[in-house]
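S.K.: I'll drop the sequence and a predicted model, then ask my questions.
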Amino acid sequence: MKTFFFLSFLSASLVGHGEAKIRSSDAVTEEEQAFWTRALQEVADSFLVPTQAPMTPTYAPTAEVDPPIISNATIFMDRVYFTVSTYSLDNSTAFSETSLFVPIWDGDIDSAPNDIVCFIGEGFELDKNVTSFLWGGPDCQVANGCGVHVHEGFDCANDDTQAGHWYNKDVLTIDPWLTTGYLSTDEDGYAQFAGCVRTGFDLVSDPNLLLGRAFILHNADGTRASCGVIEPTTSDFSPLTLIADTSPIPGTTENVNGYVEVLEELHANVFDAICYQGYATGLEKNVESFLLGTGSTQCDVSNGCGAHIHAGTGCENVDIQLGHLYDPDQIPVDPWLLESYYRTDDAGSAAFVGCIITGEEDFFQRAFIVHGTDGSRLSCGTLN
């Protein structure tokens with residue numbers, strides 16, 4: 001089966017690449033659309049990292065363990081899960097199933113975001129044989145083309161009750177949902193999508209801000225194809241989780257340690273999608289990634305501030321770690337391009353989170369690596 005994915009946080013990556021006017025949630029001018037098209041391609045071209053495909057190791061699940069206490073810092077993580085089923089609108093027959101969560105960090109870390117929503121899902125009976133311009137195709141080049149968005153409204157009855165994209169316009173000057181969506185469909189109109197998006201709302205204090213919101217899939221021409229309202233999951237929902245304690249890579253002078261949880265089977269039918277949530281300590285202090293759009297140029301290099309699963313199954317050196325884990329035969333652009341932490345606090349601690357589709361289905365014993373601002377590999381651990 002052909003695989004489709006979303007470059008998570010891609011829209012946020014463009015904040016530092018040019019100015020954009022504040023606009024209504026569903027409107028983008030032709031001039032702005034041309035800007036986004038050029039900027040997105042620049043990001044893909046400048047950050048592409050070659051990778052190698054390893055042999056597949058044997059999979060074996062492990063029991064859950066408590067996160068470690070490292071560098072005299074105690075950090076805890078949690079997630080609040082949601083689900084949504086969407087149904088066809090107007091003349092469409094499209095429908096979808098999506099799993100969502102709000103990532104939470106607590107403890108000795110001041111750099112953790114509080115406004116993130118992450119998701120993995122699949123859509124059915126969308127426009128057939130679509131290939132997004134982000135994959136080198138001709139499609140989805142209009143506002144909301146191939147979009148997958150949380151909307152402000154609480155009802156799917158019509159455009160007014162669905163309202164526009166859900167984000168805090170007092171905090172975010174650029175709509176974070178602009179480039180969120182699926183990148184291709186097959187001959188049946190089937191698509192998969194995954195990503196994490198800043199909303200500007202404090203979801204850590206109140207994750208239930210998501211409850212009841214309209215979740216919408218758009219056609220390639222930007223029209224609304226399918227809608228449903230977000231609901232809580234069952235209380236016993238818990239995806240299969242791999243963990244890694246990361247420690248300084250041999251030969252490095254920095255004392256970077258960390259911990260990561262990788263969620264498999266968050267959405268049962270999207271087998272090659274994963275979400276990850278973690279943190280690292282001992283990094284350079286008070287970093288602000290260029291992805292935040294504050295004017296900083298930090299991390300603006302290949303793998304700068306990166307947090308990635310690598311194809312290798314050990315941490316001793318780059319020959320064992322290998323490159324980023326994904327299948328280039330299924331995924332034409334490295335999905336790890338912009339997966340990174342966005343800031344560090346004055347203690348050098350960072351939080352990171354993401355959801356991507358890799359084209360791979362086996363993540364056991366793969367190397368998870370945290371990079372420095374210059375892209376160097378600083379900390380590594382294998383997933384168990």
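M.R.: Thanks, I have it. Keep in mind that this is a model prediction, so the values were computed, not measured.

S.K.: which helices and strands does the strand or helix carrying residue 100 pack with?
M.R.: Take DSSP states H and E as the rule and residue 100 turns out to sit in strand 95-107. In terms of contact count using 3 or more Cβ pairs under 8 Å, 6 or more residues apart in numbering; DSSP states H and E, strand 95-107 is assigned the packing partners strand 75-88, strand 116-124, strand 224-229, strand 273-281. The C-beta positions use only the backbone N, C-alpha and C, and glycine is treated the same way.

S.K.: let's see 7 Å
M.R.: strand 75-88, strand 116-124 (3 or more Cβ pairs under 7 Å, 6 or more residues apart in numbering; DSSP states H and E).

S.K.: So what are the sheet partners of whichever helix or strand comes after the shortest one and their directions?
M.R.: Okay, so that is strand 116-124. Next in sequence after strand 116-124, counting helices and strands by DSSP H and E, comes strand 148-150. Applying DSSP bridges, strand 148-150 is found paired with strand 214-218 (antiparallel).

S.K.: With only the CA atoms kept, save the partner strand in PDB.
M.R.: In PDB, the C-alpha atoms belonging to strand 214-218 read as follows (Å, rounded to 0.1, in the frame of the first residue of the first chain):
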ATOM      1  CA  ALA A 214     -14.900  20.400  14.600                       C
ATOM      2  CA  PHE A 215     -12.200  18.400  12.800                       C
ATOM      3  CA  ILE A 216     -12.200  18.800   9.000                       C
ATOM      4  CA  LEU A 217     -10.600  17.200   6.000                       C
ATOM      5  CA  HIS A 218     -10.500  19.300   2.800                       C
END
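
S.K.: tilt between that strand and strand 95-107?
M.R.: Angle of strand 214-218 versus strand 95-107, following axes from the mean of the first three to the mean of the last three Cα atoms, to 10 degrees, is 130 degrees.

S.K.: Just name the most buried of the helices and strands packed on strand 95-107.
M.R.: strand 116-124 (a mean of 25; mean count of other Cβ atoms under 10 Å).

S.K.: Pairing partners for that strand, with directions?
M.R.: strand 95-107 (antiparallel), strand 191-198 (antiparallel).

S.K.: Now tabulate the ones you listed in a markdown table and tack on mean pLDDT and mean neighbour count.
M.R.: As requested, the strands paired with strand 116-124 are exported to a markdown table (pLDDT from 0 to 100; neighbours: other Cβ atoms under 10 Å):
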| stretch | mean pLDDT | mean neighbour count |
| --- | --- | --- |
| strand 95-107 | 96 | 22 |
| strand 191-198 | 96 | 27 |
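
S.K.: got the ones you listed as JSON lines, with distance to residue 301 columns?
M.R.: JSON lines is the format used below for those (distance: least, Cβ to Cβ, whole Å):
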{"stretch": "strand 95-107", "distance to residue 301": "26"}
{"stretch": "strand 191-198", "distance to residue 301": "22"}
